[in-house]
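1. Predicted model and sequence follow; I will ask about them next.
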Amino acid sequence: MLRAILGTFLNIVVPERPGEQIVLSSTPHEWLTMQTPDGLPYHDPRTSALVWELKYFGNIYAAEVAAPALAERVLGYISEEIGTPLLIPIPLHHTRQRGRGHNQSETLCHALLPHLNGALEYRTDILSRPINTPHQQGLGRKERLKNVQKSMRATSAAKDRVCIVVDDVTTTGATLREAARALTEAGARRVHTLALAYS
């Protein structure tokens, strides 16, 4: 009772964002039924609200409610792999992460872990982004590809391992391709890349 009263009071003082309202009213089943083999369609207003809540507000519920749909795809990738693959989030440059206060791909991976039954090893120290590239938003395909070129580095811990790289949204696939390049050059046996949503 007290929680309901407090919630009502907070909603009056600090109203929920429209995207937050969409995400909070959604269920894991809704995202599972919306999912395609490529992920959630970003053009759907519900998906864009989900991605924005995750990317710009660090909304943990957004990650948790979408995690079962993404986990289904991750488990599909590793079903025929031998050994324990690495689960790797797309990194942010340290200045961008400090400014944003979080890395949305890490938030997503944390929400994924309970759905993966220990089938993957989660690592945030293998892939890094030492070059602070401009934002991809607003750039055309060629500019996006050039923008992220050689912007990531991977450590030798990727050598001979299967890597699953996770991002929040993909448009041209440039960021995921750059991650795959860095991991392959570091000796990864195989790299699977996937995003929660596609544009």
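-> Cool, the structure landed.

2. And the helices in this protein?
-> Here the chain has its helices, by DSSP state H, at 2-13, 18-24, 28-34, 45-57, 60-78, 94-100, 104-112, 141-148, 174-185.

3. Format these as CSV; extra columns: mean neighbour count, distance to T133 and mean pLDDT.
-> Heads up, the C-betas are built off the backbone N, CA and C, glycines and all. Output for these, formatted as CSV (neighbours: other C-beta atoms under 10 Å; distance: least, C-beta to C-beta, whole Å; pLDDT from 0 to 100):
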stretch, mean neighbour count, distance to T133, mean pLDDT
helix 2-13, 9, 38, 45
helix 18-24, 17, 26, 94
helix 28-34, 15, 29, 96
helix 45-57, 20, 16, 96
helix 60-78, 20, 24, 95
helix 94-100, 12, 9, 90
helix 104-112, 23, 15, 97
helix 141-148, 15, 5, 61
helix 174-185, 21, 9, 96
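
4. so which of those helices gets nearest I126?
-> helix 174-185 (7.6 Å; C-beta to C-beta).

5. Could you list every helix and strand that that closest one packs against?
-> The contact analysis (3 or more C-beta pairs under 8 Å, 6 or more residues apart in numbering; DSSP states H and E) places helix 174-185 against strand 127-128, helix 141-148, strand 153-154, strand 162-170, strand 190-198.
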